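quick one: sequence plus predicted model below, questions after.
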Amino acid sequence: MYSVKEAFYSLQGEGAHAGRPALFCRFTGCNLWSGLEKTRSQSDCQFCDTDFIGTDGQNGGKFRSAELLLKHLDALWPAQQEYKYVVFTGGEPALQLDDALISTMKQAGYTIAIETNGTLPLPQGIDWICVSPKTNKPLVVTKGNELKLVYPQHHLLPNQFETLAFDHFYLQPMDQSHLTANQIPLQDTQAATLNYCLAHPRWRLSLQTHKMLNID
Ligand SMILES: C[S@@+](CC[C@H](N)C(=O)[O-])C[C@H]1O[C@@H](n2cnc3c(N)ncnc32)[C@H](O)[C@@H]1O
Ligand SMILES: Nc1nc2[nH]cc(C(=O)O)c2c(=O)[nH]1
Ligand code: SF4
Ligand SMILES: [Mg+2]
């Protein structure tokens, strides 16, 4: 059974594929936070910008098989158009993405991407792996296509990730506009991030362009 909070067709807003049309499948649940505001300050990830509780979002639901989920998702791709690209996110998609769903999506022509916190093992066959570290718990996914660190996180410094086997290294300014406590204005985290990139050219800036465009 797959639990999906929401699914939508939009543009990848972040990282190396920013601007690319993509189907997003947002799975329910995460291993680093319950998603309940009352537990945010005690959780392993305290700045999450996403509601991943339940199955009540747009095109959300429970799916008994990979075939049923494929059918549901594929209906959101523009008719008769190729270049099919699906981004599995969440919540933490590594809790639910499995071999059956990967092979079913591939048979239907999809290139498969994942947005993961990197603390759980991944199935084989994912075409684009984006790891976004959150805690000092050991990273299980130490290679992939892009490492996209939300910046700044005081306990995580960019240089501790630079030697990992990723093709691209991005810093993404921490958005805190959804938080009630201890806010640093977004323009300040943006300035800190771009200044870090200018001083450390191993890193590139990733902006959450979907928020600027006011799209999903
Ligand atoms: C909501 S997470 C879901 C996927 C996975 N659990 C993860 O953390 O990578 C999707 C992306 O949004 C980023 N993100 C979450 N909260 C953010 C925030 N407040 N500001 C900037 N990026 C954020 C995450 O780092 C991750 O790259
Ligand atoms: N447009 C858009 N791009 C995204 N890239 C990663 C996202 C995510 O929440 O995982 C996301 C998202 O929520 N929307
Ligand atoms: S790991 Fe990802 S989904 Fe989980 S709380 Fe953090 S940002 Fe949100
Ligand atoms: Mg998002």
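That came through, no problem. Residues are numbered from 1 along each chain as shown. Ligands and ions are numbered 1, 2, ... in the order given.

so what strands line up beside the helix or strand hosting residue 25?
Assessed by DSSP states H and E, residue 25 sits inside strand 21-27. Strand 21-27 pairs in its sheet with strand 2-11 (antiparallel), strand 85-89 (parallel), by DSSP bridges.

so the most centrally placed residue in the chain, which of the three states?
The chain has residue 115 as the residue nearest its centroid, 3.1 Å off, counting by CA atoms, centre = their mean. State at residue 115, reduced to three classes by DSSP: H, G, I helix; E, B strand; the rest coil: strand.

list the buried residues for stretch 102-112?
Residues of stretch 102-112 classed as buried: 102, 104, 105, 110, 111, 112 (neighbour count, 16 or more other CB atoms under 10 Å). Just so you know, the C-beta spots here come from the backbone N, C-alpha and C atoms, and that holds for glycine as well.

what average pLDDT does that stretch get?
Stretch 102-112 carries an average pLDDT of 99.

please apply the same query to stretch 13-32.
Here the average pLDDT along stretch 13-32 is 98.

end to end, how far does it reach?
The straight-line separation of the ends of stretch 13-32 (CA to CA, to the nearest Å) is 23 Å.

what's in contact with the helix or strand of the chain with the lowest mean pLDDT?
Least confident helix or strand of the chain, by mean pLDDT, DSSP states H and E, is helix 186-199 with a mean of 95. Around helix 186-199, the neighbours that count as contacts under CB atoms under 8 Å, 6 or more residues apart in numbering are 151-152, 158, 171-177, 203-205, 207.

in contact with residue 61: list those residues for me.
Applying CB under 8 Å, 6+ apart, we find residue 61 in contact with 4, 55, 72.

quick one: the strands in this structure, in order.
Listed in chain order, the strands of the chain (DSSP state E) span residues 2-11, 21-27, 61-63, 85-89, 111-116, 128-131, 143-151, 165-173, 204-205.

so does the fourth one get close to ligand 2?
It stands for strand 85-89. Yes - on the criterion CB under 6 Å from any ligand atom, strand 85-89 is in touch with ligand 2 at residue 89.
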